[in-house]
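1. Could you look at this predicted model? Sequence included:
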Number of protein chains: 2
Amino acid sequence: VFVLGIDPGLSRCGYGCVSRAGTASQVHAVGVLTTPPSDPLPTRLAALQTDLSALIADVRPDVVAVERLFFQVNVRTAMSVGQASGLVLAAAARAGCEVVQYTPNAVKQAVVGYGSATKDQVQRMVASLLGLAEPPQPPDAADALALALCHLAMAPMAARVQAAVKR
Amino acid sequence: VFVLGIDPGLSRCGYGCVSRAGTASQVHAVGVLTTPPSDPLPTRLAALQTDLSALIADVRPDVVAVERLFFQVNVRTAMSVGQASGLVLAAAARAGCEVVQYTPNAVKQAVVGYGSATKDQVQRMVASLLGLAEPPQPPDAADALALALCHLAMAPMAARVQAAVKR
């Protein structure tokens, strides 16, 4: 199963694709999509949409895991993050991927073991789980990998719950 | 000049296309794009994206006028409105349209004459300006027509300011 984690953002949209075979996780792609803050908002959103479609066509993930947004402390950027997340969810659904959303707390819980972990702890655990010498940079890319790892950790349980409900 | 006003929304996305020749405004298209609340969010956003692209390809507007969002009273729907607006802005920019945004207050100011006009006043003024016997229904469609009328009212002034700045 290829899981593409995406941390939505307009200036920097982090992505990271992870697969798991047995207990070993492997990174297939990691990076950030960027748009220049000097460009008009509609132009930036259109460029992000094009880049997202190209990324998904390239990586061909089975599942896209996206950060679930709440109203944030930073009101100024929250709207553009919301707009970017709309593009991410639409692009993933159009490509026929399974789309799942996790809150930041769920990601921390799954990756570090407790929901109030610091950014730094998450990044070091991502590096450790993926056998990387250094935490991935920039942080947006590490956050995207954490989303993918969160889904890989949660999916077996979710599948069992669903199976139990159907029974 | 064909101006397509769009009032972003996930359950109901209003649209209205208006052209002006001299002092006469004409409606070329008006309605709402809807997605079923029972569908998953990514599926709804993907469907809205497809519908928006088809609408813009059909109407071929010169300008797309979109409601500029702020944080709203209704926190529960604000995120989905933000996501929908991201799709609208990206679709318009990708189609090569000029994209402009107006706040609800600017629209009321331009259409009714004061920024604190009621919804009802806006809708009746839209009907009057466009020579319609009744306010367009649903209200989302009337709001979209109001956005288009706002741009038609504001654009000549904006062009003069821009020309003065360039001089």
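-> Ah, there it is. In this text the structure is predicted, and so the values were computed from the model without any measurement.
2. buried set for the helix or strand encompassing residue A:91?
-> Assessed by DSSP states H and E, residue A:91 sits inside helix A:75-94. By 16 or more other CB atoms under 10 Å in any protein chain shown, the buried positions in helix A:75-94 come out as A:78-94. For glycine as for every other residue, the C-beta is placed from the backbone atoms N, C-alpha and C.
3. Near chain B, list only the ones from those residues.
-> A:78-79, A:82-87, A:89-94 (CB under 8 Å from any CB of the partner chain).
4. Between its first and last residues, how far does stretch A:11-29 reach?
-> Start to finish, the residues bounding stretch A:11-29 are 19 Å apart (CA to CA, to the nearest Å).
5. biggest helix in chain A by residues?
-> helix A:139-166 (DSSP state H).
6. And it, what does it pack against?
-> strand A:2-7, strand A:12-21, strand A:24-34, strand A:63-67, strand A:98-102, helix A:104-111, helix A:119-129 (3 or more CB pairs under 8 Å, 6 or more residues apart in numbering or on different chains; DSSP states H and E).
7. quick check: angle from it to helix A:104-111?
-> Orientation check (axes from the mean of the first three to the mean of the last three CA atoms, to 10 degrees): helix A:139-166 against helix A:104-111 gives 80 degrees.
8. quick revisit: please export the alpha-carbon coordinates of the helix holding residue A:91; PDB is fine.
-> C-alpha atoms of helix A:75-94 as PDB (Å, rounded to 0.1, in the frame of the first residue of the first chain):
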ATOM      1  CA  VAL A  75      -6.300  33.500  11.400                       C
ATOM      2  CA  ARG A  76      -4.400  35.300   8.600                       C
ATOM      3  CA  THR A  77      -3.100  32.000   7.100                       C
ATOM      4  CA  ALA A  78      -6.000  29.700   8.100                       C
ATOM      5  CA  MET A  79      -8.100  30.800   5.000                       C
ATOM      6  CA  SER A  80      -5.300  30.000   2.500                       C
ATOM      7  CA  VAL A  81      -4.700  26.700   4.300                       C
ATOM      8  CA  GLY A  82      -8.400  25.900   3.900                       C
ATOM      9  CA  GLN A  83      -8.300  26.800   0.300                       C
ATOM     10  CA  ALA A  84      -5.200  24.600  -0.300                       C
ATOM     11  CA  SER A  85      -6.800  21.700   1.600                       C
ATOM     12  CA  GLY A  86      -9.900  21.900  -0.700                       C
ATOM     13  CA  LEU A  87      -7.600  21.500  -3.700                       C
ATOM     14  CA  VAL A  88      -5.800  18.500  -2.100                       C
ATOM     15  CA  LEU A  89      -9.000  16.700  -1.200                       C
ATOM     16  CA  ALA A  90     -10.500  17.300  -4.700                       C
ATOM     17  CA  ALA A  91      -7.300  16.200  -6.500                       C
ATOM     18  CA  ALA A  92      -7.000  13.000  -4.500                       C
ATOM     19  CA  ALA A  93     -10.700  12.100  -5.000                       C
ATOM     20  CA  ARG A  94     -10.500  12.900  -8.700                       C
END
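9. Give me the helices and strands touching it, please.
-> Using 3+ CB pairs under 8 Å, 6+ apart: helix A:75-94 touches strand A:2-7, helix A:41-59, strand A:63-67, strand A:98-102, helix B:41-59, helix B:75-94.
10. switch to 10 Å and redo it
-> strand A:2-7, strand A:12-21, helix A:41-59, strand A:63-67, strand A:98-102, helix B:41-59, helix B:75-94 (3 or more CB pairs under 10 Å, 6 or more residues apart in numbering or on different chains; DSSP states H and E).
11. any idea of the mean pLDDT for the first one?
-> What it means is strand A:2-7. On average, the pLDDT along strand A:2-7 is 97.
12. One more: the fifth one?
-> The average pLDDT for strand A:98-102 rounds to 97.
13. Below-threshold pLDDT in chain A: ranges please.
-> For chain A, residues meeting the criterion pLDDT under 70 lie at A:71-76.
14. Could you rerun that using 50?
-> Residues of chain A meeting the criterion pLDDT under 50: A:73.
15. Thank you kindly, that will do.
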